[in-house]
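> What follows is a predicted protein model with its sequence.
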Amino acid sequence: MKVFVNAQIPQIGMEILQKENIEVIFPENENDAEWLENCKKADAILNVGKHQFDKEFFDECPNIKAIALFSVGFDNVNVQQANARKIPIGNTPDVLSRATSDVAFLLMQMVSRKATYNIDKVKSGNWKDFDALEELGQELYGKTLGIYGLGRIGFEMAEKCKKAFEMNIIYHNRSRNSDAENKLEAQYVSFEDLVKRSDVLSINANYTEEQAGIFNTEIFEKMKSNAIFINTARGGFHSEDDLLHALKTREIWGAGLDVTNPEPMDKDHPLLELSNVCVLPHIGSATVEARNGMAKLAAENIVAFAKGEAMPNCANPEVYQN
Ligand code: DGY
């Protein structure tokens, strides 16, 4: 069996593949044309990055029988098409929940204290005398954190906010999270209430096309004027133009993004000029610990597939039903 590993991954993952004598195809240039050519030669792919696995891909690469993603998100895969071909999609849940929620927590604090503005001030030599009124931040103690999509990452974010700032937790989900309700006194609310009551609104949901741009002008207008909007999930959840408008007109107070639409964000994007915005380049899982965990899970998914077993972390387990 040939596996195409399309980019460097932590050694631990490669060792797992080597131990099982799995033949690995490795790219020379990592460009899109080469990526497709290698996919055509392989039985399975361990994929790093946001390549699209759409109908066109599956039609062009009929040899591919399994996809092991180096990510928890699988919004780049057309699951229906994969299911129709009985192709399992492996992903990497849990191992990056702490790291990604750390980034949500970091962004919340950076925005609340206007960190980007202040770092720029130091770097540009504009650190002047003490000014009692300049660009003041806001404190988070006892405020309300609203989580859109309270799963594993959302739980970690909520727990940190509760412990650090005694924040009240409200959430909106497809289903109730009893663990969060019991351990964090999280309260389930409607989407409308989430939007209206949150002082900090953090998106921690899995992205699907139906949710494209759901955070738009209509929603930002309903949010509190002191609200901080945090997105560490996928850029598609928010409209960047509407967010810019909401920030400029002070409908909301600030925004922290680890994900943008598109990625990478243009370096001249007007959002980057605002003092109440902090943008990071999709670094949610960028820790040694999380990336090692992801490499291990992705490689284990490939090994399971090679042995004819179900992938231990599979986004579409329905493919294993008859
Ligand atoms: C994930 O694992 O989904 C992260 O966002 C990296 O893509």
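Thanks, I have the structure now. Numbers count the residues shown, from 1 in each chain.

> if we look at stretch 160-174, which residues are touching it?
By Cβ atoms under 8 Å, 6 or more residues apart in numbering, the residues outside stretch 160-174 that reach it are 101-102, 105, 108, 140-151, 154, 158, 177, 180, 184-191, 193-194, 197-200, 205. Using the backbone N, CA and C atoms, a C-beta is placed for each residue, glycine as well.

> For that stretch, measure first residue to last.
End-to-end distance of stretch 160-174 (Cα to Cα, to the nearest Å): 22 Å.

> Please point out which parts of that stretch sit buried.
Of all the residues in stretch 160-174, those buried under the rule 16 or more other Cβ atoms under 10 Å are 160-162, 165, 167-173.

> Could you list which of these belong to helices?
Members of these lying in helices (criterion: DSSP state H): 160-162, 165.

> Out of these, which is nearest to the ligand?
Taking Cβ to the nearest ligand atom as the measure, the ligand lies nearest residue 160 of those, at 18.4 Å.

> Can you name the residues of the stretch 51-200 of the chain sitting close to the ligand?
Taking Cβ under 6 Å from any ligand atom, the part of the stretch 51-200 of the chain that reaches the ligand is made up of 71-73, 96.

> So which residues of this protein form strands?
2-5, 23-25, 44-47, 66-69, 89-90, 144-148, 168-172, 187-188, 200-203, 228-231, 254-257, 277-279 (DSSP state E).

> Now for the spatially closest residue to residue 196 that is not a sequence neighbour: which residues touch it?
Among residues not flanking residue 196 along the chain, residue 222 sits closest, at 5.5 Å (Cβ to Cβ, 6 or more residues apart in numbering). Residues counted as contacts of residue 222 (Cβ under 8 Å, 6+ apart) are 192, 195-196.

> And for the chain, the residue most distant from the center?
Centroid-distance maximum for the chain: residue 129 at 39.4 Å, with Cα atoms, centre = their mean.

> Tell me how far that residue lies from residue 275.
For residue 129, the distance to residue 275 equals 19 Å [Cβ to Cβ, to the nearest Å].

> now do residue 301
44 Å.

> How about residue 269?
15 Å.

> do residue 91 as well
Per Cβ to Cβ, residue 91 is found 37 Å from residue 275.

> and if you look at residue 200?
Here residue 200 is placed at a distance of 18 Å from residue 275 (Cβ to Cβ).

> Same drill for the two, tell me which one is more crowded.
With neighbours defined as other Cβ atoms under 10 Å, residue 200 and residue 275 compare such that residue 200 has more, 29 against 16.

> where does the stretch 1-150 of the chain have low pLDDT?
Scanning the stretch 1-150 of the chain for pLDDT under 70 picks out no residues.

> Scan the contacts of residue 222 and report the most crowded one.
residue 195 leads the contacts of residue 222 on contacts (other Cβ under 10 Å) with 23 neighbours.

> Once you drop chain neighbours, what's closest to it?
Going by Cβ to Cβ, 6+ apart, residue 195 has residue 222 as its nearest residue, at 4.9 Å.

> same check, this time on residue 254
Residue 254 sits nearest to residue 276 (Cβ to Cβ, 6+ apart), 3.6 Å away.

> what sits against that neighbour?
Contacts of residue 276 by Cβ under 8 Å, 6+ apart are 111, 114, 117, 247, 253-255.
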